[in-house]
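Asks: this one's structure only:
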């Protein structure tokens, strides 16, 4: 069906390697412009080939600097690399300073690299709501590897696993004792750990804690997270880091797990997209619903409670079908 | 009910071409534009004109701000403008800041720099001007 239709001009541009068309389409996607829809649909069949590597970890651990090292390494192997770097938006002004680019070194005029900064635009979880689609555009553009850098993450920012087939969690020495590494959340999504700033004292200890924690756990589908020490500054350990990330990708293929893991991610994306639409529709209807004001008054006068009020509204919104 | 109305933020590239290491002005401006609700891609120090233009393309910015305090602005800024044209980046205005003599400011404006901000310019002026000259999205 889609193949019969003429390609939207921006989609055609992306497939022809037009960097401005790619950038333009990314903006439309970010701005949730309706014009992006047909182009995304036309490009979807062309995506799915790139290896998508997610890089997360607290702020200041050196995610961007490590990516800069990985970028040089991957370009050295002749691989084309897309990078999507997410930084937080202000909850007050909506503005943002996107400062990851500053650390990403590339050879002058190298067209085998495309770097795009994204603001989180109010989305929690470590990435922007549209990061997945921006990654897909780089994939369709023909990048062999797409690296996604999350905002500086907290313990619950694990959404990167919905985008990437391999997730790297970057840490540094002295972030906490071994109990921290037992906690749920961020540490659970790592396929690979990197202790960056390995030139600093305490790095060996941090790597040891992590290795012990990994050894205590059970394997996920037969994969045991690797722990790599590196220093983006020296630089040191960058080839080893890539080797560990690539090993997980190879593992997914060797065990026939890639399709299943993609299916999981697509499932979450689908549920998310439907949820988004339902949420918007709901918000629009509540906006116009005169009962909301009444219920708000009842809540303030303590004649009803939030759960009961929500239940009342929810029941009236049950799907018509 | 209160629903957030989503406006499309203006995307601005702030960069310092050349070897000048004085980036406080660029940082102050980046911060002010952020607080005005813009998405500021901060490319920082020691950028070549090629890198700046590549960043403007990849980031699909609506505005480019160049800062230079070393006196090399007449060598660097026109190169950025030329490269933007060469790479067919249209409708993306450039503004400039730094230690730029009036005569140079006039010459820069003649070749297409939309605004030149010298020392003492208020942040309000910069923000207001940035809003006025930024490319409008279709």
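Replies: Thanks, I have it. All values reported here derive from a predicted model rather than from experimental measurement.
Asks: from here on, contacts and neighbour counts on C-alpha atoms
Replies: Fine.
Asks: which bits of chain B sit near chain A?
Replies: With C-alpha under 8 Å from any C-alpha of the partner chain as the criterion, chain B meets chain A at residues B:1-3, B:8-9, B:30-31, B:33-44, B:50-51, B:55, B:57-60.
Asks: who touches residue A:224 in this structure?
Replies: Residues in contact with residue A:224 (C-alpha atoms under 8 Å, 6 or more residues apart in numbering or on different chains) are A:191, A:214, A:218.
Asks: Next, it: phi, psi?
Replies: Torsion angles at residue A:224 (phi, psi; degrees, to the nearest 10) stand at phi -110, psi 120.
Asks: hang on, the earlier thing: now restrict the residues of chain B next to chain A to buried residues only.
Replies: Neighbour counting over the residues of chain B next to chain A (16 or more other C-alpha atoms under 10 Å in any protein chain shown) leaves B:8-9, B:30-31, B:33-44, B:50-51, B:55, B:57-60 as the buried ones.
Asks: Just to be sure, which of these are found in helices?
Replies: Restricting these to those inside helices, with DSSP state H as the criterion, leaves B:30-31, B:33-35, B:50-51, B:55, B:57-58.
Asks: any chance of those residues in a markdown table, plus pLDDT?
Replies: What follows is these, written out as a markdown table (pLDDT from 0 to 100):
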| residue | pLDDT |
| --- | --- |
| B:30 | 96 |
| B:31 | 97 |
| B:33 | 97 |
| B:34 | 97 |
| B:35 | 97 |
| B:50 | 94 |
| B:51 | 94 |
| B:55 | 96 |
| B:57 | 97 |
| B:58 | 97 |
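Asks: now, which of the contacts of residue A:224 sits nearest chain B?
Replies: residue A:191 (29.7 Å; C-alpha to the nearest C-alpha).
Asks: surely the closest one meets residue A:170?
Replies: No - using C-alpha atoms under 8 Å, residue A:191 is not in contact with residue A:170, being 11.0 Å away.
Asks: So between those two, which is more surrounded?
Replies: When neighbours are counted by other C-alpha atoms under 10 Å in any protein chain shown, residue A:170 comes out ahead of the other of residue A:191 and residue A:170, with 27 against 24.
Asks: Go ahead and confirm the more buried one touches residue A:190.
Replies: No - using C-alpha under 8 Å, residue A:170 is not in contact with residue A:190; the gap is 9.0 Å.
Asks: Residues in a beta bridge with the closest residue to residue B:117 other than its chain neighbours, which ones?
Replies: Nearest in space to residue B:117, with sequence neighbours left out and distances taken as C-alpha to C-alpha, 6 or more residues apart in numbering or on different chains, is residue B:97 at 4.6 Å. Legend: beta-bridge partners of residue B:97 under DSSP bridges are residue B:67, residue B:117.
Asks: and residue A:45, how many neighbours does it have?
Replies: Using other C-alpha under 10 Å, the number of residues around residue A:45 comes to 12.
Asks: what sits against the residue in chain A positioned nearest to chain B?
Replies: Shortest chain A-to-chain B distance, computed as C-alpha to the nearest C-alpha: residue-wise this is residue A:95, at 3.7 Å. For residue A:95, the contacting residues are A:89, B:9, B:33-40, by C-alpha under 8 Å, 6+ apart.
Asks: again, only using 10 Å
Replies: Contact criterion C-alpha atoms under 10 Å, 6 or more residues apart in numbering or on different chains gives A:88-89, A:119, A:121, B:9-11, B:31-40 as the residues in contact with residue A:95.
Asks: ok so, going back, which neighbours do residue A:191 and residue A:170 share?
Replies: Residues touching both residue A:191 and residue A:170 by C-alpha under 10 Å, 6+ apart: residue A:227.
Asks: Return the nearest residue of chain B with respect to chain A.
Replies: With C-alpha to the nearest C-alpha as the measure, residue B:37 is the residue of chain B nearest to chain A, at 3.7 Å.
Asks: Check which helices and strands the helix or strand bottoming out on mean pLDDT in chain B sits against.
Replies: Least confident helix or strand, chain B: strand B:39-47 with a mean of 92, by mean pLDDT, DSSP states H and E. Counting contacts by 3 or more C-alpha pairs under 10 Å, 6 or more residues apart in numbering or on different chains; DSSP states H and E, strand B:39-47 is packed against strand A:96-98, strand A:113-119, strand B:11-17, helix B:24-35, helix B:49-58, strand B:63-68.
Asks: change it to 6 Å
Replies: Other elements packing on strand B:39-47 under the criterion 3 or more C-alpha pairs under 6 Å, 6 or more residues apart in numbering or on different chains; DSSP states H and E are strand A:96-98, strand B:11-17.
Asks: who does the longest one touch, helix- and strand-wise?
Replies: Spelled out, it's strand B:11-17. Judged by 3+ C-alpha pairs under 6 Å, 6+ apart, the packing partners of strand B:11-17 are strand B:39-47, strand B:63-68.
Asks: can you give me the offset of the last one from its chain's centre?
Replies: The chain centroid and the centroid of strand B:63-68 are separated by 3 Å under C-alpha atoms, centre = their mean, to the nearest Å.
Asks: so who does the residue positioned nearest the centre of chain B touch?
Replies: Against the mean C-alpha coordinate of chain B, by C-alpha atoms, centre = their mean, the closest residue is residue B:65 at 0.8 Å. Counting by C-alpha atoms under 6 Å, 6 or more residues apart in numbering or on different chains, residue B:65 touches B:14, B:94-96.
Asks: Please report how far it lies from residue B:95.
Replies: Here the distance between residue B:65 and residue B:95 works out to 5 Å (C-alpha to C-alpha, to the nearest Å).
Asks: Check residue A:233 too.
Replies: For residue A:233, the distance to residue B:95 under the criterion C-alpha to C-alpha works out to 34 Å.
Asks: Show me the strands in the stretch 101-250 of chain A, by range?
Replies: With DSSP state E, counting those that start in this stretch, the ranges of strands along the stretch 101-250 of chain A come out as A:113-119, A:145-149, A:166-171, A:192-195, A:226-229.
Asks: Could you export those strands to CSV, including columns for mean pLDDT and distance to residue A:286?
Replies: Supplementary listing: those in CSV, determined by pLDDT from 0 to 100; distance: least, C-alpha to C-alpha, whole Å:
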stretch, mean pLDDT, distance to residue A:286
strand A:113-119, 97, 29
strand A:145-149, 97, 36
strand A:166-171, 95, 39
strand A:192-195, 95, 45
strand A:226-229, 95, 49
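Asks: which non-adjacent residue is nearest residue 109?
Replies: Just so you know, I chose chain A. residue B:50 (7.4 Å).
Asks: Not quite, go with chain B.
Replies: In space, residue B:109 comes closest to residue B:115 once its chain neighbours are excluded; the distance is 6.9 Å by C-alpha to C-alpha, 6+ apart.
Asks: Over to the one you found: give its phi and psi.
Replies: Its backbone dihedrals place residue B:115 at phi -150, psi 150, with angles given as degrees, to the nearest 10.
Asks: What number of residues are in the vicinity of it?
Replies: For residue B:115, the count of nearby residues is 20 (other C-alpha under 10 Å).
Asks: Just confirm it contacts residue B:97, I think it does.
Replies: No - distance between residue B:115 and residue B:97: 8.4 Å, which falls outside the contact criterion (C-alpha atoms under 6 Å).
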